[in-house]
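[1] model the following, please.
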Amino acid sequence: MRFPTHTPDSADGKAAELLADIVSRNGSARAMVRTMAGSPSVLGGYLDLSRAMKRSRLERGIAERISLAVQARLGCALCLEAHANGARAAGVDEQEIERAKLGTSADPRVAAIVAFGARVHQEPSSIGDDDIRLLRDLGFRDRDVLDVVGLVALNVLTGTFNLVAGLEPDHLAASA
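    Numbering: from 1, shown residues only. Reported below is the predicted structural model:
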């Protein structure tokens, strides 16, 4: 870990308030959040975007697979582990978790939106009218398609933050 983790007592200003609220509601805060508390702007932005994306109507299993596709490209082991666990909790099997990391699925409808999420992350300028039309034809609403963009942005923030901060899953950090 490259930056200190904070408590409500060690964080400054708005970050202290935000962190105190999280700890009072949940009993604790994850290492990423405690580290983000080093920047009130980053912590506040993360919390706002995270709350907003919780209101997405994307099915959780689909959202977790999109997150896996993005995190596999970023290389954040902490996020990959968290989203694999989230996918399992949503009923996604191990083969589908592995497919999601590759940006696809055995289900053509899911494959299309997971691949779209991966492209939004890797090459957003390549997205065209035909891509949007395909998703609509598969039954995705405009809100779903737009929510993918927000979900990708959230994953880029968390994955990039964890990589820069040097945060890893506990089992990896212990072996380093």
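
[2] pLDDT value on the residue lying closest to A72 once chain neighbours are set aside, please?
    With CB to CB, 6 or more residues apart in numbering as the criterion, A72 has its nearest non-adjacent residue at 4.0 Å, and that residue is K101. Quick note: C-beta positions are derived from backbone N, CA and C, even for glycine. We note a pLDDT of 98 for K101 in this prediction.

[3] I figured K101 hits R73, correct?
    No - using CB atoms under 8 Å, K101 makes no contact with R73, being 9.0 Å away.

[4] please say which of those two ends up with more neighbours.
    Using other CB atoms under 10 Å as the criterion, K101 and R73 rank with K101 on top: 20 against 16.

[5] who are the contact partners of that one?
    68-69, 72, 80 (CB atoms under 8 Å, 6 or more residues apart in numbering).

[6] how about G44?
    Counting by CB under 8 Å, 6+ apart, G44 has contacts 14-15, 18.

[7] I only care about the residues you listed that end up buried; give me the ChimeraX line for that.
    Entered in ChimeraX, the line below selects the buried ones among those, by 16 or more other CB atoms under 10 Å:
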select :15,18
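
[8] tell me the one of the contacts of G44 nearest R2?
    The closest of those to R2 turns out to be A15 (CB to CB; 17.5 Å).

[9] distance of the residue nearest to Q122 when sequence neighbours are not counted relative to V120?
    Leaving aside its sequence neighbours, Q122 sits nearest to R73 (CB to CB, 6+ apart; 6.3 Å). Here R73 is placed at a distance of 11 Å from V120 (CB to CB, to the nearest Å).

[10] and what of E81?
    From E81 to V120 the distance is 22 Å (CB to CB).

[11] host element of the residue nearest to the spatial centre of the chain?
    Most central in the chain under CA atoms, centre = their mean is N155, positioned 3.3 Å from the mean C-alpha point. Here N155 is covered by helix 142-165, with elements defined by DSSP states H and E.
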